[in-house]
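Chemist: When you get a sec, could you give me coordinates for this:
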Amino acid sequence: MNEMRLLDPFSMDPLEDTFRSLMRPWRFEQLDAPPRIRLDVAEQDGNYAIRAEIPGARKDDIDVRIEGNLVTISCEMKKEWDDRKEGRLLRSERQYGFATRSFTLASPVDETKADAKYENGVLQLTLPKKSASSTTRLSIQ
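Modeler: Presented below is the predicted three-dimensional model:
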C-alpha cells in the first residue's frame, strides 16, 4: 500500500528515499475492459453475412433489431466469479456491462427471412436483401 513519509530537508541525501521507492515492486491490477462487439460484414449471393464476436455472452442476453437497412446488435454482460475452497470464500468478483453496435447496410434487409445463430461466443446473422421493388414510370398529363 501507500506509505506516508515526511521529507527531512536536513538529511544527507534527499534523493535516497526517492530512488529507494522506485526499486519497490509495483503491483498492477488490470481492470477488465468493457464488453465490445467485433464485426465482420460480407456480401454473398444476395445476402449479408455478419459475424459478431461477443465472448462471454449468453444467448438470452443478446438482442438483434433490424429496421430497413439499419442493424443494431446489443448485449448485456453479466460475469461472476466465486472461488471457494472447503467452504471458505477466498475471492468473489462481479462484472456487469452493456455493449451495442449499430451499422447500416447498402440495401434494405428482408426481416422475415433473416436467420441468427449463436455458438461459442460468435453470433452469425444471415440477412437476405429485400427484392428490388419494381419502379413504375408515371405519365404526366
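
Chemist: wait, doesn't residue 57 sit right on residue 74?
Modeler: No. Counting by Cβ atoms under 8 Å, residue 57 sits too far from residue 74 to count as a contact (10.3 Å). Yep, even glycine has a C-beta here, placed from its N, CA and C like the rest.

Chemist: higher neighbour count, the two?
Modeler: The neighbour comparison of residue 57 against residue 74 (other Cβ atoms under 10 Å) goes to residue 57, with 21 against 16.

Chemist: So what pairs up with the nearest residue to that one once chain neighbours are set aside in the strands?
Modeler: Of all residues not flanking residue 57 in the chain, residue 75 sits nearest, at 4.9 Å (Cβ to Cβ, 6 or more residues apart in numbering). On the basis of DSSP bridges, residue 75 takes part in beta bridges with residue 62, residue 99.

Chemist: ok, how many other residues are close to residue 75?
Modeler: 22.

Chemist: Can you check the pLDDT for it?
Modeler: With respect to pLDDT, residue 75 scores 91.

Chemist: residue contacts, it?
Modeler: Listed by Cβ atoms under 8 Å, 6 or more residues apart in numbering, the contact set of residue 75 reads 35, 37, 54, 57, 61, 62, 63, 98, 99, 100.

Chemist: quick one: contacts for the fifth one?
Modeler: Applying Cβ under 8 Å, 6+ apart to residue 61 gives the contacts 75, 76, 77, 78.

Chemist: what about 7 Å?
Modeler: When contacts are counted by Cβ atoms under 7 Å, 6 or more residues apart in numbering, residue 61 is found next to 75, 76.

Chemist: Can you show me the strands along the protein?
Modeler: Remark: strands assigned in the chain by DSSP state E are 38-44, 47-53, 62-67, 70-85, 88-104, 115-119, 122-128.

Chemist: With distance to residue 138 as added columns, please give the ones you listed in JSON lines.
Modeler: Putting these into JSON lines (distance: least, Cβ to Cβ, whole Å) gives the following:
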{"stretch": "strand 38-44", "distance to residue 138": "32"}
{"stretch": "strand 47-53", "distance to residue 138": "32"}
{"stretch": "strand 62-67", "distance to residue 138": "29"}
{"stretch": "strand 70-85", "distance to residue 138": "29"}
{"stretch": "strand 88-104", "distance to residue 138": "29"}
{"stretch": "strand 115-119", "distance to residue 138": "37"}
{"stretch": "strand 122-128", "distance to residue 138": "30"}
